[in-house]
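Novice: quick one: sequence and predicted model below, then my questions.
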Amino acid sequence: MNALFIVHEVIKKYVGKGGVAIDATAGRGYDTSFLCDVVGDEGKVIAFDIQESAINSTKELLDKEGKRATLILDSHANMDKYVEEGMADCVVFNLGYLPHGDHSIYTHFDSTKEAIMKGLNALKSGGVMCVSIYYGGDSGYEEKDALIPWLKTLDDKLYQVLVTYFHNWKKDPPIPVVIFKL
C-alpha cells in the first residue's frame, strides 16, 4: 500500500470510460498514461507541466503505449486557459519535483493553491481531485506545511477533503489527499 495505490483506486472508483481527466503535473507521464486507460478511447486526458523534458517524457511514453492525450507546456496555475468550468471528472496532482529531474525546479504553495482552486472549478459535481504531496529530500516542506492547513479552509458545503497519513512510516512518506466536489 502506498500513495499511488490509494490515488489510483479512488480514481478508478469515480472515473470511467468516456470521462475527462486532468493531470496537473505530467511528470514522466505515468499518471497521464493511467488516466488514458481509465477514460479509454472515448475519453479525454489533458496533462500540464512547466518543464519541456516532462512533456517530452510523457509524449514518448504515450507514443510507445499507443495512447493519446493533450499535452500542455504551461503551469497548472494556468489550467483555466485550457479547460472549461465543470468539464472534468478528475484532476490529479503530484507535488514536488520531476523524478530524475532538476531538484531546483519544484512545486510551490502559491501556484499549487491557485492550480487547486482552478482544478476544483474545472471539476464536475461529483468529481474527484487527488493531490499527492511529495515533500522529502531537499524540497517541499514549506509547501506541505502551508497546504495542509489551507485545505481545512475549503468550504465543507462544496467539498469533502480526506488527508491520509502513513503514520508509522519513517522519513517523509507522501501524503495522498482526496477532494470530492459535492
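Specialist: Perfect, I can see it now.
Novice: so where's this protein uncertain?
Specialist: Scanning the chain for pLDDT under 70 picks out 97-98, 138.
Novice: quick one, strands of it?
Specialist: Here the chain has its strands, by DSSP state E, at 20-23, 44-49, 70-73, 88-95, 123-133, 159-163, 175-181.
Novice: quick one: the ones you listed as JSON lines, columns for distance to E9 too.
Specialist: C-beta: built from backbone N, CA, C; applies to glycine. Shown next, in JSON lines, are the strands of the chain (distance: least, Cβ to Cβ, whole Å):
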{"stretch": "strand 20-23", "distance to E9": "15"}
{"stretch": "strand 44-49", "distance to E9": "18"}
{"stretch": "strand 70-73", "distance to E9": "25"}
{"stretch": "strand 88-95", "distance to E9": "13"}
{"stretch": "strand 123-133", "distance to E9": "10"}
{"stretch": "strand 159-163", "distance to E9": "13"}
{"stretch": "strand 175-181", "distance to E9": "10"}
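Novice: any idea which of those strands gets closest to I11?
Specialist: Closest approach to I11 among the strands of the chain (Cβ to Cβ): strand 88-95, 5.6 Å.
Novice: sheet partners, orientation included, of the closest one?
Specialist: strand 20-23 (parallel), strand 123-133 (parallel) (DSSP bridges).
Novice: mind checking which of those strands is nearest S75?
Specialist: strand 20-23 (13.2 Å).
Novice: contacting residues around that closest one?
Specialist: Residues outside strand 20-23 that contact it (Cβ atoms under 8 Å, 6 or more residues apart in numbering): 11, 15, 31-32, 35, 38-39, 43-48, 69, 79, 83, 87-92, 119, 122.
Novice: same check, this time on stretch 31-45
Specialist: 8, 11-12, 15-23, 25-26, 47, 58, 61-62, 65, 67-71, 89-90, 92, 94.
Novice: filter the residues you listed down to the buried ones and hand me the PyMOL line.
Specialist: Selection command for PyMOL covering only the buried members of the contacts of stretch 31-45, criterion 16 or more other Cβ atoms under 10 Å:
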select buried, resi 8+11+15+19+20+21+22+23+25+26+47+58+61+62+67+69+71+89+90+92+94
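Novice: sorry, back to before: which among the contacts of strand 20-23 count as buried?
Specialist: Buried residues within the contacts of strand 20-23, counting neighbours by 16+ other Cβ under 10 Å: 11, 15, 31-32, 35, 38-39, 43-48, 69, 79, 83, 88-92, 119, 122.
Novice: among the strands of the chain, which is nearest L4?
Specialist: Here strand 123-133 is closest among the strands of the chain (Cβ to Cβ), at 7.4 Å.
Novice: now find how far off-centre that closest one is within its chain.
Specialist: Distance of strand 123-133 from the chain centroid (Cα atoms, centre = their mean, to the nearest Å) equals 8 Å.
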